[in-house]
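1. here you go, sequence then predicted model.
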Amino acid sequence: MTVFELHLNVNQRLQLVASYKRNVLLPQEIDLALNKAMFRLLEQGVSSRFQDDEINLSHVTALLRKNNISEVIIPGASDPLYEENELSCYAVKPPDFYWLANSRAELLVDPYNCGTAPTLANTTATETVGVLPFNNSASSGNNFKNYTITSLALPIIYKVPTSIINGFSSPKSRYVVINNVLETKLPGNVKVYWERYRDNYYPSSFIFVSTTNNLAGLVATADNTTNEVGSNTQTNYLIPNRALIGAITNKKILTAPIKTSENDLLYQLLSQNTFYKSSISEIVGDETQDYFTLYRDKSFLVTRMSYDYIRKPRTISLDLNQSCELAGTTHQKIVDLAVEILRLDIKDETYPVTVQDTQLRTT
């Protein structure tokens, strides 16, 4: 279904607009309910299958991102993840990460000296982080008109789509622009986060991240007037120098699954239980809001990480003409759940009947 059909279905089932029996809900309120229903259905479908280490691909195929390779970072003393005497490394989560499907680590071992890992030098990787505040400084009545983000190296990082190019009458609609920036594929190997990156919080700001220095002169304009000026910093991190692997005489490259554990179990796994420590057959790892952290022992090196994940679906939005990314077979279920949510919110007396009807439809 298109987003227009989703709205029409909700109106037809919930509001009975033509008979004037109920007040009309705003399109934004319907969008809110549809998105809430979409995430609820996604959680139900995915989490129920993770118990069997499988994913219900029937409605999340479009959201599955496979074989993502990430360089692992060796924490330095100034790194927030640095733990003295701990053999660990980490990778930063992508901005659209929603659910981890599975993960693997590439290991380097010495087949002749099983208790000692080969020696591999580290190299430096540079990361540029640009922080751009998001405020409403556009002209009155044309909030976010022609909203554009540029830098000196990238003349256009983002430009609002035609559907909202004339802006909004109310600054409260800023969430539409924010969501669109976060869901747009950006140029120049640039990723964008919102308010939080690497355990740092930047209130009401976009955080642009790039592996090249192309974020200098970060500026946002609205209605052809400079809106906000950002700042950028460069940081160096140590990563294993994989280019030197070929020169190592005694080596073997393996791939091992990562056992993701909860934080409160890590001490037991790493220190108390010999059988569950990291090994070349299975790596102990930890997943936090911002990072994947991997723990190893002295018998191997972790050279990089690869993983499959389910990304966040794009927002259902009438303003952006964006429909639901889940498979079309789920759209009617999303409408049913959205109607159930809205009837509960407006304290509709037919809510119990709606719940029963939805249960019958999804059984």
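-> Sure thing, it's come through.
2. now Ile164. Nearest residue, chain neighbours left out?
-> Leaving out its chain neighbours, the residue that sits closest to Ile164 by Cβ to Cβ, 6 or more residues apart in numbering is Asp319, at 5.8 Å. Every residue, glycine included, has its C-beta placed from N, CA and C.
3. can you pull the contacts of that neighbour?
-> The contact partners of Asp319, by Cβ atoms under 8 Å, 6 or more residues apart in numbering, come to 27-28, 163-164, 173, 176.
4. quick check: the farthest pair among the residues you listed?
-> Greatest spatial distance among the contacts of Asp319 (Cβ to Cβ): Gln28 and Ser163, at 14.4 Å.
5. return a ChimeraX selection command for the buried portion of the contacts of Asp319.
-> Buried residues among these (16 or more other Cβ atoms under 10 Å), as a ChimeraX selection:
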select :164,173,176
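6. restricted to strands, list the contacts of Asp319.
-> Using DSSP state E to define strands, no part of these is located there.
7. want to throw the contacts of Asp319 into CSV with pLDDT and distance to Arg296?
-> As requested, the contacts of Asp319 are arranged in CSV below (pLDDT from 0 to 100; distance: Cβ to Cβ, whole Å):
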residue, pLDDT, distance to Arg296
Pro27, 86, 52
Gln28, 87, 49
Ser163, 91, 49
Ile164, 91, 48
Ser173, 86, 48
Val176, 92, 45
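8. format the contacts of Asp319 as a markdown table; extra columns: distance to Ile157.
-> A markdown table is the format used below for the contacts of Asp319 (distance: Cβ to Cβ, whole Å):
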| residue | distance to Ile157 |
| --- | --- |
| Pro27 | 29 |
| Gln28 | 27 |
| Ser163 | 19 |
| Ile164 | 17 |
| Ser173 | 21 |
| Val176 | 18 |
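9. which of the contacts of Asp319 sits closest to Ser103?
-> Taking Cβ to Cβ as the measure, Ser103 lies nearest Val176 of these, at 33.8 Å.
10. and the closest one, how far from Glu43?
-> According to Cβ to Cβ, to the nearest Å, Val176 and Glu43 sit 24 Å apart.
11. and for Gly188?
-> With distances taken as Cβ to Cβ, Gly188 is found 34 Å from Glu43.
12. downstream of the lengthiest helix in the chain, the next helix or strand is which one?
-> Using DSSP state H to define each element, the chain has its longest helix at helix 27-50. Following helix 27-50 in sequence order, the next helix or strand is strand 64-71 (DSSP states H and E).
13. partners of that following strand in the sheet?
-> Taking DSSP bridges as the criterion, strand 64-71 sits next to strand 301-311 (antiparallel) in its sheet.
14. quick check: mean pLDDT of the partner strand?
-> Taken as a whole, strand 301-311 carries a mean pLDDT of 93.
15. output it as CSV, nothing but the C-alphas.
-> Provided in CSV are the C-alpha atoms of strand 301-311 (Å, rounded to 0.1, in the frame of the first residue of the first chain):
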residue,chain,number,x,y,z
LEU,A,301,44.2,-11.6,17.4
VAL,A,302,40.9,-10.1,16.2
THR,A,303,41.6,-8.3,12.9
ARG,A,304,38.1,-7.2,11.9
MET,A,305,34.4,-7.9,12.5
SER,A,306,31.5,-8.7,10.1
TYR,A,307,27.9,-8.8,11.0
ASP,A,308,24.3,-8.9,9.7
TYR,A,309,21.7,-6.6,11.1
ILE,A,310,18.2,-5.3,10.7
ARG,A,311,18.1,-1.6,10.1
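16. picking up where we left off before, which one of the contacts of Asp319 is nearest Ser70?
-> Set against Ser70, the nearest of the contacts of Asp319 by Cβ to Cβ is Val176 (31.0 Å).
17. for Lys259, what are its contacts?
-> Contacts of Lys259 by Cβ under 8 Å, 6+ apart are 276, 282-285.
18. now do the SS call for it.
-> Using DSSP: H, G, I helix; E, B strand; the rest coil, the structure places Lys259 in strand.
19. how close does it get to Asn321?
-> Taking Cβ to Cβ, one finds Lys259 at 43 Å from Asn321.
20. what do you get for Val3?
-> Counting by Cβ to Cβ - Val3 and Asn321 are separated by 6 Å.
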